[in-house]
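I'd like to go over a predicted model; first the sequence, then the structure.
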Amino acid sequence: MSIYYPQASVKLNVRWENFGQKNEVLDKESIVDIHCKNVIVEMNDYSEADTVKLSIDHSSFPFDPRCIRACGITVFMENVKKESKEGTDRQKIIPSEQNTVFIGFADESSIKFDTDSNTVSIEGRDYTSLFIDQKRPDRSPISLSKPIDLIIQDLINEQEATKRIKIVNRTGEDLPTLSKIAPDFNESTNVKNPKRKETYWDIMQEILNRVALLGFIELDKFVITKPQNIYEKKDIKQFVWGKNVKDIEFKRKLGRSKDFNVKVISFNQIEKRVEVALIPEEAIDANIKAPRVTVPQFDKDGKKVEPPKDADFVTFNVKDITSKEQLIKIGESIYSEMSRQQIEGSLTTFEMEVPEERFKSSDEINYVPVKFNAIRNGTAIRIFFSTQEAIHLNQKSNRSEKKAFLLKRGYPENVANAFAESLDRINTAFYTRSVSFELDQDNGFSMKIDFINFIDLDSSLQ
C-alpha cells in the first residue's frame with residue numbers, strides 16, 4: 001500500500017457586491033486562499049461542464065453570500081511529499097499548472113448551520129458552463145473562410161469572461177477551412193447563419209462536428225482533437241481489485257432501453273466532405289430506428305427536471321465511406337453490437353498514482369506510475385482481479401485453459417465450453433465516462449471512476 005500526503009489548495013477570485021454604487025474598496029477583485037473541509041471535483045463527459053463542490057468551516061471563513069457578486073474558483077490537488085535523509089517528510093502544496101485540477105466559477109453559495117457543523121458550501125462549474133448557458137446575442141453571420149481554430153477563437157472572444165481561453169490544437173495537423181469541406185453551411189456566401197436561441201456551445205459543436213473533430217474545455221484551454229485520440233485503447237491505466245481498488249461494481253442492462261447514442265463519421269475523399277450518421281435517429285432498420293436517446297436531468301436536490309438531455313454520443317471513425325446509406329448501415333451494426341455488449345460500472349480507489357501500460361516493444365510491456373489527474377473522460381482503463389478464480393479466467397489464459405479450470409470446478413462440459421468461449425471474447429478494456437476526485441480532511445483522498453466497455457469495430461467495417 002502506498003503512503004500519501006494528499007493536500008488541496010483552493011483559490012477564490014472574489015468580486016464583491018457594491019450594492020449598485022461605485023466603491024473603491026468593493027470594486028477591486030480580491031484573491032482569497034482558503035482551507036476546505038471537503039473538496040469534490042467531477043470531470044464529466046466532454047459535452048458537459050466539470051463541477052466542483054467546496055465545504056468550508058465557517059469559523060475559518062466567516063462568509064455571507066450577500067457580500068459576493070461573482071466568484072472564480074481554482075483547485076489545486078496533489079500528493080505532497082519530499083524525500084530527505086531522515087525519510088519522507090510533509091511539505092505544503094505549491095499551486096502550479098501541474099497540480100491544477102479545476103478552473104471555473106461559483107454557481108451558488110450557501111451557509112449551513114446545524115448541531116454538528118457550521119459549514120459554508122460553494123458549488124461551481126468550469127468554463128464550459130459559460131458557453132452552454134449563454135445564447136449568442138450577435139446575430140451576424142459567422143465567416144467560414146477562416147481555419148476552424150480562428151472561428152472558434154473569435155466566438156470565445158465575444159464574451160468578456162472567456163477571453164483568456166486559448167485554442168490548443170491536438171489533431172497533429174493544420175486545421176481546415178470549413179467552407180472547403182462543409183459547403184452545405186451556406187455554399188453561396190461561405191457563412192453560417194446562427195439559429196434562433198442557439199448557444200455558443202451549440203455553434204462550436206456544430207462547426208466541429210462537420211469536420212469530425214471534438215472540442216472541449218480543459219482548465220483554461222479549448223482543446224480541439226480527433227475522437228480517435230480520446231476514445232482509444234492506448235496508455236491503459238491498470239486497476240487491481242484487492243490491491244489499488246477499494247470497491248468495484250459492474251452492471252449490464254439486460255433487455256432494457258439503452259442510455260447512449262452512436263455517431264459514425266467518415267471523411268468522403270471524393271467530395272471532400274465529412275459524412276455523419278446518427279443512430280438510432282437516422283437508422284433505416286425498423287428494429288433500430290427511434291428518436292434520439294435521452295436521459296433524465298436532475299437539479300441540485302436530485303429532483304427530475306424537464307426537458308431530458310441527450311444521452312452520450314459514442315463516436316466511431318471509419319475510413320473512406322462515400323455513401324451516407326453505407327455509413328448508416330455501419331452505425332446500425334455498431335449500435336446493435338453495443339446494445340448486446342454494453343457493460344458499465346464504477347470503482348473507487350484511494351491511490352493518487354496508478355500504473356500505466358506502456359509498450360516498450362510488441363511483446364514487452366512496461367508499467368509507469370501516473371498521477372490521478374491523468375484520468376478523465378475517454379481514458380482507457382483495465383481492471384484485474386487478484387482472486388484465484390480470476391487468475392485462471394483472465395485474458396492471458398487461452399480457451400482450453402479456461403475450459404479445464406471450469407471442468408475442475410464441476411461445470412458440465414457443454415456449460416464449460418460455452419462459458420470459456422464467452423469469456424475469451426470479452427473485451428477487458430473499459431473507457432472512463434466520468435471521474436471525480438475527493439479530498440476530505442478526515443478521510444483523505446479518494447477517486448471514483450464511472451466506466452463503460454470499449455466496442456471494437458470489425459476490421460471489415462473500417
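That came through, no problem.

Could you export stretch 326-334 as PDB, CA atoms only?
Taking C-alpha atoms only, stretch 326-334 is exported to PDB below (Å, rounded to 0.1, in the frame of the first residue of the first chain):
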ATOM      1  CA  GLN A 326     -23.500   2.700 -46.100                       C
ATOM      2  CA  LEU A 327     -22.400   4.800 -43.100                       C
ATOM      3  CA  ILE A 328     -25.900   4.300 -41.600                       C
ATOM      4  CA  LYS A 329     -25.600   0.500 -42.000                       C
ATOM      5  CA  ILE A 330     -22.300   0.600 -40.200                       C
ATOM      6  CA  GLY A 331     -23.900   2.700 -37.400                       C
ATOM      7  CA  GLU A 332     -26.700   0.200 -37.100                       C
ATOM      8  CA  SER A 333     -24.200  -2.700 -36.800                       C
ATOM      9  CA  ILE A 334     -22.300  -0.800 -34.100                       C
END
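
Show me the contact partners of it.
262-264, 266, 275-279, 282-285, 288, 316, 318, 321, 455, 457-458, 461 (C-beta atoms under 8 Å, 6 or more residues apart in numbering). Bear in mind the C-beta positions are built from the backbone N, C-alpha and C, glycine included.

can you do 6 Å?
With C-beta atoms under 6 Å, 6 or more residues apart in numbering as the test, stretch 326-334 has contacts from 262, 264, 266, 275, 277, 279, 282-285, 288, 316, 318, 321, 461.

Select from those the one having the most neighbours.
Ile279 (32 neighbours; other C-beta atoms under 10 Å).

Next, the nearest residue to Glu351 once chain neighbours are set aside: phi, psi?
The shortest distance from Glu351 to any non-neighbouring residue, by C-beta to C-beta, 6 or more residues apart in numbering, is to Asn244 (4.6 Å). Main-chain torsions, Asn244, degrees, to the nearest 10: phi -110, psi 20.

Roughly how far does Gln238 sit from Leu278?
If you measure Gln238 against Leu278 using C-beta to C-beta, to the nearest Å, the figure is 34 Å.

cool, and Thr199?
20 Å.

Repeat that for Glu344.
21 Å.

By residue count, what's the longest helix in this structure?
Counting by DSSP state H, the longest helix found in the chain is helix 324-341.

Check which element follows that one along the chain.
strand 344-349 (DSSP states H and E).

So what touches that following strand?
244-250, 446-452.

Next, format those as TSV and append secondary structure.
Listed next are those as TSV, based on DSSP: H, G, I helix; E, B strand; the rest coil:
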residue	secondary structure
Asn244	coil
Val245	strand
Lys246	coil
Asp247	strand
Ile248	strand
Glu249	strand
Phe250	strand
Ser446	strand
Met447	strand
Lys448	strand
Ile449	strand
Asp450	strand
Phe451	strand
Ile452	strand
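
For those, which single residue is the most surrounded?
Tallying neighbours with other C-beta under 10 Å puts Ile449 at the head of the contacts of strand 344-349, with 27 neighbours.

any idea what the residue lying closest to that one once chain neighbours are set aside is structurally, helix, strand or coil?
Computed as C-beta to C-beta, 6+ apart, the closest residue to Ile449 that is not its neighbour in sequence is Val435, at 4.9 Å. Val435 falls in the strand class when you classify it by three-state DSSP.

Next: the one 10 residues further on.
For Phe445, the reduced secondary structure class is strand; criterion used: three-state DSSP.

low pLDDT regions in the stretch 1-150 of the chain?
In the predicted model of the stretch 1-150 of the chain, residues 1-4, 82-90, 110-115, 138-139 satisfy pLDDT under 70.

State the phi and psi torsions of Gly302.
Torsion angles, degrees, to the nearest 10, at Gly302: phi 80, psi 10.
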